[in-house]
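Peer 1: Need coordinates for the following:
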Amino acid sequence: MPVLGIDIGTQSLKAVVLDDSMRLLGAASQSYPYLRPRPGWAEQRPGDWLAALRPAIADALAAARLQPGDIDALSCCGQLDGAIAVDRSGGALGPAIIWMDRRAMAEADAVDADLIATRSGLVCDSTHMAAKIAWLKRNGPSGAALYHQPVSFVLAQLTGEAAISPSLASTTMLYGLAGSDWDDVLLDTFGIKRTDLPRLVGEAETAGRLTARGAELTGLPIGTPVATGTGDDFSNPLGCGVTAPGVVAVSLGTAETVAALSSTLSTDAERLVETHLYPGGLYHLGNPGWLSGGAMRWAAALLAQPSDEALVALAAEAPPGCEGLVFLPALTGAMAPRWNAVARGSFIGLSASHGPAHLARAVLEGTAFAMRDVIDRLMVLGVPTDRLRLMGGGARSALWCQIRADLTCRSAEIQLEADASAIGAGLLAAVAAGIAPDMGAAAASLDQEFSIVAPNAALAGIYDASYRSYRAAYDALDPYWDTATGL
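Peer 2: Below is the predicted model of the structure:
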């Protein structure tokens, strides 16, 4: 029987239909905006996610030539690090504070960062859910009965069940890696109770079934099983077949996430890389990302280019290394080479000889430099990083992929299907429905095509020099941001 995978993205909701051999039958999407009501803030209307469900599902079913009753199970995955306060009936009390929002800096700064890192494996940062809940408790609407991530909110709307997966919970700063549960010390640190949070249910377990409301939102029959799902940091690599160590998964969406899997639990003392749980039992070590595809769109608008493709074509006119021009991709704060919420995107090394093409290419290279920061740290931690696997909309850019292969001296496998997170959600639904026995078997059944980009060894010296300039620029500006920039 076919299954349905949903990805709740930052700019669109995607739906895919997979058959019982995990072959993609149909896909569709519905777009929606995110809002920037104040500097440092980023929000979405939860109702926009819900309104996008039915048309996206209907279009995916039509592409697959199937009827709603043909779907055996579904699962939602998507953006993490959000926070939505809901009332006793599960309705949102206000907008969702999404992943790129930085309003909770005071709440993050007020707690012991060493305690957070030791117990949760995370960097204490305002982007994570715990700080946002603490902010909502002080400044948000009264009467909140529960706080959701975007994925768990949609799950609750569909099934009436307040549930969240361990992997998604491991991104919140409230989940203890050692205890594999909500951590009472972390909860007390942020003034949060267990009853403020959804219950923990495995990613590929059936968390509930579609209620009448869920059926209305999706167009699917009442009673259709719904798996718990997870965050897109995990569903993206899962949808690309990554279930074992050795592959660096790079998701090139609005944000860029870089991670690899490990069979052993380890944490990063330098706090560039975070440790999460991964569906199937491994550990996911990586960085939750910086504005990357979003930086491309910003640069396209800045340089009066009509599309991302036009920006890439412009960038191709400039030489590797951009003749000394470097871009720091910190448009929403820096996440690499060190986390700094008040850092800002910067062009360094501008001269009268630089033109629009250099600026365009510098943005592509700068986001790749941040990727190298993470890969270099993973190597120090002993995590296998044999090859890259690039996914998401940005992986359609041949130049951007080539830059990443050249910069890291690694072959890059390009996932040609752009809806990896939704496919990962479909795999979870398949396991929940008993179509596949486990995550590894489900991923192994995927019929995927990868193109391979080999690194150009002749450019290694140029990119090494450019990367050193990027690191030197960051180090020079780091103290400036802390004194001269505010949100």
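
Peer 1: which stretches of the stretch 351-487 of the chain have low pLDDT?
Peer 2: Judged against pLDDT under 70, the low-scoring parts of the stretch 351-487 of the chain cover residues 417-418, 485-487.

Peer 1: Where do the helices of it begin and end?
Peer 2: Using DSSP state H, counting those that start in this stretch, the helices of the stretch 351-487 of the chain run over 356-380, 398-408, 420-432, 439-444, 460-484.

Peer 1: for those, which one sits closest to residue 280?
Peer 2: helix 439-444 (3.8 Å; CB to CB). C-beta here means a position set from N, CA and C on the backbone, and glycine is covered the same way.

Peer 1: so how far is stretch 189-201 from its chain's centroid?
Peer 2: Relative to the centre of its chain, stretch 189-201 is centred 22 Å away, using CA atoms, centre = their mean, to the nearest Å.

Peer 1: what's it in contact with?
Peer 2: The contact list for stretch 189-201 (CB atoms under 8 Å, 6 or more residues apart in numbering) reads 107, 111-112, 115-116, 130-131, 133-134, 137, 144, 146-148, 152, 156, 162-166, 169, 173-174, 181-182, 184, 187, 207, 228.

Peer 1: For that stretch, measure first residue to last.
Peer 2: Using CA to CA, to the nearest Å, the end-to-end distance of stretch 189-201 comes to 24 Å.

Peer 1: Quick check: which of the helices of the stretch 351-487 of the chain is nearest to residue 37?
Peer 2: Comparing these by CB to CB, helix 460-484 comes nearest, at 23.1 Å.

Peer 1: And that closest one, what's buried?
Peer 2: Counting neighbours by 16 or more other CB atoms under 10 Å, one finds that the buried residues in helix 460-484 are 462-463, 466-467, 469-470, 473-474, 477, 481.

Peer 1: who does that helix touch, helix- and strand-wise?
Peer 2: strand 326-328, strand 346-348, helix 356-380, helix 398-408 (3 or more CB pairs under 8 Å, 6 or more residues apart in numbering; DSSP states H and E).

Peer 1: What angle do helix 398-408 and that helix make with each other?
Peer 2: 90 degrees (axes from the mean of the first three to the mean of the last three CA atoms, to 10 degrees).

Peer 1: In CSV: the helices of the stretch 351-487 of the chain, plus distance to residue 250.
Peer 2: What follows is the helices of the stretch 351-487 of the chain, written out as CSV (distance: least, CB to CB, whole Å):
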stretch, distance to residue 250
helix 356-380, 6
helix 398-408, 7
helix 420-432, 11
helix 439-444, 17
helix 460-484, 16
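
Peer 1: average pLDDT across stretch 285-304?
Peer 2: For stretch 285-304, the mean per-residue pLDDT is 94.

Peer 1: Mark which of the contacts of stretch 189-201 are buried, thanks.
Peer 2: 107, 111, 116, 130-131, 133-134, 137, 144, 146-148, 152, 156, 162-166, 169, 173-174, 182, 187, 207, 228.

Peer 1: Narrow those to those in strands?
Peer 2: Secondary structure assignment (DSSP state E) places 146-148, 163-164, 182, 207 from the buried ones among the contacts of stretch 189-201 within strands.

Peer 1: Could I get the buried residues of helix 460-484 in TSV, plus columns for distance to residue 268?
Peer 2: Shown next, in TSV, are the buried residues of helix 460-484 (distance: CB to CB, whole Å):
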residue	distance to residue 268
462	29
463	24
466	25
467	20
469	25
470	20
473	23
474	18
477	23
481	22
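
Peer 1: which among those residues gets closest to residue 347?
Peer 2: Taking those together and measuring to residue 347 by CB to CB, the closest member is residue 473, at 9.6 Å.

Peer 1: and the residue nearest to the closest one when sequence neighbours are not counted, how many residues sit next to it?
Peer 2: Spatial nearest neighbour of residue 473, excluding adjacent residues (CB to CB, 6 or more residues apart in numbering): residue 348 at 4.3 Å. By other CB atoms under 10 Å, 18 other residues sit near residue 348.

Peer 1: ok, residue 348 - contacts?
Peer 2: 325-328, 469, 473, 477.

Peer 1: Residue 446 now?
Peer 2: Residue 446 neighbours (CB under 8 Å, 6+ apart): 22, 239, 241, 423, 427.

Peer 1: Neighbours of the second one, how many?
Peer 2: So that's residue 239. What residue 239 shows, counting by other CB under 10 Å, is a neighbour count of 31.

Peer 1: Please apply the same query to the one 5 residues further on.
Peer 2: Residues lying near residue 244 (other CB under 10 Å) number 13.
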